[in-house]
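Asks: Any chance you could fold what I've pasted below:
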Amino acid sequence: MEWEKQAIVGFHLKWNGKPSKKGSGFAQPLVAHQHWHIDVSYLNISGAFYYLCSILDGYSRHIVNWDIRESMTEADIKIIVQGAKEKYPEARPRVISDNGPAVNVSAGSGSGTVGSIPSGGRRDRNPRSSADNVRAESANALFET
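Replies: Next comes the predicted model:
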């Protein structure tokens, strides 16, 4: 009987800890071109694999720029981001990617740069980025087979 009381007291102690910080790590963009979400996906077109790279505006969910390529390197991604910067030269967004630290985008034209903050995926979330870059991934899922 005594052990049951201790088990109940121990169970309630975990609820008396610090308040949760869940949902407080990412501030949603308030205007267009504040955050750009970048994602790279595979496409199977007639048995050949290609890469789809898309850049999605975090506020409006507008596809800012995209391209399909046979290979996808950091240089390719920089070219795609540079194309987006040429379409919207006034934009100074934070580029958010979940494709790992290999995607380190710096596509400025001398007056400003676009910095990349990896979201870290499901296992190691970066508190300053969105949860697994869901916006860009859901847009690319329309094209995947």
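Asks: Could you check how far F26 is from A32?
Replies: 18 Å (C-beta to C-beta, to the nearest Å). No exception for glycine: its C-beta is placed from N, CA and C like everyone else's.
Asks: how about S46, phi and psi?
Replies: phi 50, psi 40 (degrees, to the nearest 10).
Asks: Can you give me the neighbour number for it?
Replies: Per other C-beta atoms under 10 Å, the neighbour tally for S46 reads 4.
Asks: pLDDT score for it?
Replies: Per-residue pLDDT puts S46 at 93.
Asks: and it, how far is that from G83?
Replies: The value you get for S46 to G83, if C-beta to C-beta is used, is 26 Å.
Asks: do H33 as well
Replies: Distance from H33 to G83, by C-beta to C-beta: 14 Å.
Asks: Quick one: classify E86 as helix, strand or coil.
Replies: helix (DSSP: H, G, I helix; E, B strand; the rest coil).
Asks: Surely Y50 and D67 touch.
Replies: No. In this structure Y50 lies outside contact range of D67 using C-beta atoms under 8 Å: 10.0 Å.
Asks: which parts of stretch 27-45 are buried?
Replies: By 16 or more other C-beta atoms under 10 Å, the buried positions in stretch 27-45 come out as 29, 32-41.
Asks: Let's have these in CSV, adding secondary structure, pLDDT and distance to P19.
Replies: Listed next are the buried residues of stretch 27-45 as CSV, based on DSSP: H, G, I helix; E, B strand; the rest coil; pLDDT from 0 to 100; distance: C-beta to C-beta, whole Å:
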residue, secondary structure, pLDDT, distance to P19
P29, coil, 91, 26
A32, coil, 94, 33
H33, coil, 95, 34
Q34, coil, 94, 28
H35, strand, 94, 27
W36, strand, 94, 32
H37, strand, 93, 29
I38, strand, 93, 33
D39, strand, 91, 33
V40, strand, 91, 37
S41, strand, 92, 37
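Asks: looking at this structure, which helix or strand is least sure?
Replies: strand 115-118 (a mean of 47; mean pLDDT, DSSP states H and E).
Asks: show me the contacts for V31.
Replies: Y59 (C-beta atoms under 8 Å, 6 or more residues apart in numbering).
Asks: again, 10 Å this time
Replies: 57-60 (C-beta atoms under 10 Å, 6 or more residues apart in numbering).
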